[in-house]
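Undergrad: with the sequence up front, the predicted model follows.
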Amino acid sequence: MDEKFAELYSEHIKQMKASAIREICNLIAKPEIISLAGGWPDPATFPVEEAREILADILDHHWQYALQYGTTEGLPALREFIAQWAKQHEHIDITADQILLTTGSTQGMDLAGKTLINPGDLICVGLPSYFIGAFTIYGAQVIGIPVDENGMQIDILETRLKELHEQHQRIKLVYIQPNFQNPTGATLAMERRTKIIQLADQYNFMIVEDNPYGDINFEGHALPALKALDRSERVIYLRSFSKVFSPGIRLAWVAGEAHVIRKMAIAKQYVDACSCTLSQYLMYEFCKRGYLERQIQKNILFYRAKRDFMLQALERYFPSGVRWNRPKGGFFIFVRLPEYLDAGEILEEAVANNVAFISGAPFYVDGTGCNTMRLSYAQSSNTEIEQAIRVIGQIIRQRLKP
């Protein structure tokens, strides 16, 4: 059916494509479906009582500021807290002037793309990787770099950089999730972290480091952020409060070189003027009162138990010949089926049985990955997880070749 106003649409919007992952989540948003699809936090972790206490205080004492417009850069007190937190917990030496508060990390990615990308610029992402739309809508051409159990394969990235240099081409930007990557759950190895920083200097590109799951670390000490290793200020560091506090407050932050952050702030002025002031006051008081660290530890215990339960269910119900990882944090387990199986077809049958997950193909920019699936243990209960894994396992078993 022809759209009524199609001839009036901009060329820009005509080139935008809906997120396949988001569209799947919309299709399966039915109460009877057990969903292992969305990487959404479990509402059981939301700090409701703390939020109620803080909001009451804000509306009693700071309503005239919290309900007003704020600065584009964000609440100064919260940016100061973030700068100190980053120094203490992540050894990242930044000032409040190098921090921009954003309406979710998605906006941070969009502002980075808007600031850095020209049509035709080459960028690299993981193969597989989540969410490249923020760069492709500005005309970027995407190159996939394989991801293994130790994250993006930086040796392959280096080879690609050399090849392009010989062809008088260059990479403008590398987008990477070093911690518990979405969708694979992989963590970038230490030597690879050091190497990509060296390559950024050598080949003159920027790194967008997205770290939404870094606080959900189940095992051992966290490896240093790329931003902590960055001496040339080439890393734009994205962090979100969605997984720590709640996604509903739509609040995140981005840190980078001061002039880059200033350019991103100017771009943000044209988008929403400022992020939600009430959310910023709420988050600042939450941090100021010492609730943040307690909440992080609570989340770790909560999601670690869920991960362990799903791993046990996979061992119990999935047939031999199917492989999966054991993530050290985050929300996801990545499953690899035999090459001849199509996870999209399995998904269709699973949805008919009121179970959903995300097939892996939308995460692959080269059109591969049809035999992969992403399972999220974040939101469903243990009972639901077991039932869903049992159903998916039965479907896979019926499709295996003898």
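TA: Here it is on my side, so go on.
Undergrad: state the helix or strand in which Leu101 lies.
TA: strand 99-102 (DSSP states H and E).
Undergrad: ok, now Phe334?
TA: Taking DSSP H and E as the definition, Phe334 sits inside strand 332-336.
Undergrad: partner strands of the strand holding Leu101, with direction?
TA: The pairing partners recorded for strand 99-102 under DSSP bridges are strand 252-255 (antiparallel).
Undergrad: buried ones in the helix or strand that the strand it pairs with is followed by?
TA: As assigned by DSSP H and E, the chain's next helix or strand after strand 252-255 is helix 258-269. For helix 258-269, a neighbour-count test (16 or more other Cβ atoms under 10 Å) marks 260-265, 267-268 as buried. For every residue, glycine as well, the C-beta is placed using N, CA and C.
Undergrad: helix 258-269 packs against which elements?
TA: Secondary structure elements in contact with helix 258-269, counted by 3 or more Cβ pairs under 8 Å, 6 or more residues apart in numbering; DSSP states H and E, are strand 99-102, helix 104-116, strand 252-255.
Undergrad: one more time with 7 Å, if that's ok
TA: Judged by 3 or more Cβ pairs under 7 Å, 6 or more residues apart in numbering; DSSP states H and E, the packing partners of helix 258-269 are strand 99-102, helix 104-116.
Undergrad: give me the neighbour count for the spatially closest residue to Leu127 that is not a sequence neighbour.
TA: Excluding the flanking residues, the one nearest Leu127 by Cβ to Cβ, 6 or more residues apart in numbering is Gly144, at 3.4 Å. Close neighbours of Gly144, defined as other Cβ atoms under 10 Å, add up to 22.
Undergrad: sheet-wise, list the partners of the regular element (helix or strand) spanning Gly144 with their directions.
TA: Gly144 belongs to strand 141-148 when assigned by DSSP H and E. Counting by DSSP bridges, the strands paired with strand 141-148 are strand 122-127 (parallel), strand 151-152 (antiparallel).
Undergrad: by how many degrees do the helix or strand following the shortest one and strand 141-148 diverge?
TA: Next helix or strand after strand 151-152 toward the C-terminus (DSSP H and E): helix 154-166. Put simply, helix 154-166 runs at 150 degrees to strand 141-148, going by axes from the mean of the first three to the mean of the last three Cα atoms, to 10 degrees.
Undergrad: thinking again about what came up before, include pLDDT and distance to Val335 when you put the buried residues of helix 258-269 into a markdown table, please.
TA: Formatted as a markdown table, the buried residues of helix 258-269 follow (pLDDT from 0 to 100; distance: Cβ to Cβ, whole Å):
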| residue | pLDDT | distance to Val335 |
| --- | --- | --- |
| Val260 | 97 | 38 |
| Ile261 | 98 | 39 |
| Arg262 | 97 | 43 |
| Lys263 | 97 | 40 |
| Met264 | 98 | 37 |
| Ala265 | 97 | 41 |
| Ala267 | 97 | 38 |
| Lys268 | 97 | 38 |
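Undergrad: low pLDDT regions in the stretch 101-250 of the chain?
TA: For the stretch 101-250 of the chain, residues meeting the criterion pLDDT under 70 lie at 132.
Undergrad: show me how this protein divides into domains.
TA: 6-47+297-399, 48-292 (automatic domain parsing).
Undergrad: who does the residue nearest to Leu127 bridge with?
TA: Gly144 forms beta bridges with Val125, as assigned by DSSP bridges.
Undergrad: in contact with it, which residues?
TA: For Gly144, the contacting residues are 125, 127, 364-366, by Cβ atoms under 7 Å, 6 or more residues apart in numbering.
Undergrad: of these - the most surrounded one?
TA: Neighbour counts for these, by other Cβ under 10 Å, peak at Val125, which reaches 26 neighbours.
Undergrad: check contacts around the closest residue in space to Phe135 that isn't next to it in sequence.
TA: Counting by Cβ to Cβ, 6+ apart, Phe135 lies nearest to Gly113, which is 4.5 Å off, once chain neighbours are set aside. Going by Cβ under 7 Å, 6+ apart, Gly113 touches 134-135, 138.
Undergrad: now swap in Ile123 and tell me
TA: By Cβ under 7 Å, 6+ apart, the residues touching Ile123 are 135, 140, 142, 171-175.
Undergrad: show only the entries of those found in strands.
TA: Per DSSP state E, strands hold the following members of the contacts of Ile123: 142, 171-175.
Undergrad: most tightly surrounded among the domains of the chain?
TA: Greatest average neighbour count among the domains of the chain goes to domain 48-292 (a mean of 19), per mean count of other Cβ atoms under 10 Å.
Undergrad: before we move on, the earlier item: okay, the strands paired with strand 141-148 in TSV with distance to Phe331 next?
TA: Shown next, in TSV, are those (distance: least, Cβ to Cβ, whole Å):
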stretch	distance to Phe331
strand 122-127	16
strand 151-152	17
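Undergrad: among those strands, which is nearest Glu90?
TA: Minimum separation from Glu90 across those (Cβ to Cβ) falls at strand 151-152, 17.7 Å.
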